[in-house]
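Undergrad: Below are the sequence and a predicted model for it; my questions follow.
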Amino acid sequence: MHLDLLEIISAFVVLFAIIDALGSIPIVLSIKQKQRINPLTVVGASFGVMLGFLYAGDIVLSMFGVDIKSFAVAGSFVLFFMAMEMTLGVEIFKMDGPEKVASIVPLAFPLIAGPGSFTSLLSLRAEYQTINIIIALSLNMIFVYLVLVLTDKIEKFIGKGGIYILRKFFGIILLAIAVKLFATNIATFFNH
């Protein structure tokens, strides 16, 4: 287990694109109009759930007879569709459920810690050291906290057009990551 700056940056970018804290600002603003959001609760719950899945996700997978490489290939499809959603502006993943506990549902789960981040974490584990992923995840959680605290100011500074452009930009990056993840892990099936 060793620290690798390149792995940390790569994992940070993947998680940053998936979590999409800046792209979530419109959702956060609409929830804030209805009820109070506690940024520490959101970040704590999200981090706890994702860290738990990072460590126990493979145990859950093994109960179903699936290895991490296979999950990474499946995850590349999820990332691909999320990237398509971000770049094309279509809704593929529906978010429904009660909004009474806004800090936990829908913010901590499934908006921040959702299927995309779970898939990303396990996919990253197939290629990167766990310590580097945890550092990247921690940095992302700090960023999410800052976004939640400064949501109103960020929207005024960047504007709706800026948020739109950021969402498209990270959608394209995520699309490239999904293709790389697919190509890297699908090769292992043909090299046996």
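TA: All right, it came through fine.
Undergrad: For the rest of this, base every contact and every neighbour count on C-alpha atoms.
TA: OK.
Undergrad: Any idea how far apart the tips of stretch 29-38 sit?
TA: Using C-alpha to C-alpha, to the nearest Å, the span of stretch 29-38 from its first residue to its last is 13 Å.
Undergrad: Just the helices from the protein, written as ranges.
TA: Defined through DSSP state H, the helices belonging to the chain, from first to last, are 5-19, 25-34, 39-63, 68-88, 115-125, 130-149, 151-190.
Undergrad: Show me the one of the ones you listed that comes nearest residue 107.
TA: Using C-alpha to C-alpha as the measure, helix 39-63 is the one of those that comes nearest residue 107, at 6.5 Å.
Undergrad: helices and strands around the closest one, which ones?
TA: helix 115-125, helix 130-149 (3 or more C-alpha pairs under 8 Å, 6 or more residues apart in numbering; DSSP states H and E).
Undergrad: Would you mind putting these into JSON lines with distance to residue 6, mean neighbour count and mean pLDDT alongside?
TA: Supplementary listing: these in JSON lines, determined by distance: least, C-alpha to C-alpha, whole Å; neighbours: other C-alpha atoms under 10 Å; pLDDT from 0 to 100:
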{"stretch": "helix 115-125", "distance to residue 6": "13", "mean neighbour count": "24", "mean pLDDT": "84"}
{"stretch": "helix 130-149", "distance to residue 6": "9", "mean neighbour count": "20", "mean pLDDT": "96"}
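Undergrad: Turn those helices into a markdown table, including distance to residue 180.
TA: Converted to a markdown table, the helices and strands packed on helix 39-63 look like this (distance: least, C-alpha to C-alpha, whole Å):
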| stretch | distance to residue 180 |
| --- | --- |
| helix 115-125 | 11 |
| helix 130-149 | 18 |
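Undergrad: Give me the buried positions along stretch 6-14.
TA: Across stretch 6-14, burial judged by 16 or more other C-alpha atoms under 10 Å covers 7-14.
Undergrad: Actually, stretch 56-65.
TA: Counting neighbours by 16+ other C-alpha under 10 Å, one finds that the buried residues in stretch 56-65 are 57-58.
Undergrad: Same question for stretch 23-34.
TA: Residues of stretch 23-34 classed as buried by neighbour count (16+ other C-alpha under 10 Å): 23-25, 28, 31-32.
Undergrad: Which single one of these is nearest to residue 113?
TA: Proximity of these to residue 113 (C-alpha to C-alpha) peaks at residue 24, which lies at 12.6 Å.
Undergrad: List the single closest residue to that closest one in space, sequence neighbours excluded.
TA: Residue nearest to residue 24 in three dimensions, not counting chain neighbours: residue 111, with 8.0 Å by C-alpha to C-alpha, 6 or more residues apart in numbering.
Undergrad: Now for the residue nearest to residue 168 when sequence neighbours are not counted, how many residues are close by?
TA: Once its chain neighbours are removed from consideration, residue 168 has its nearest residue in residue 87; the separation is 4.7 Å (C-alpha to C-alpha, 6+ apart). As a burial measure, residue 87 scores 21 neighbours (other C-alpha atoms under 10 Å).
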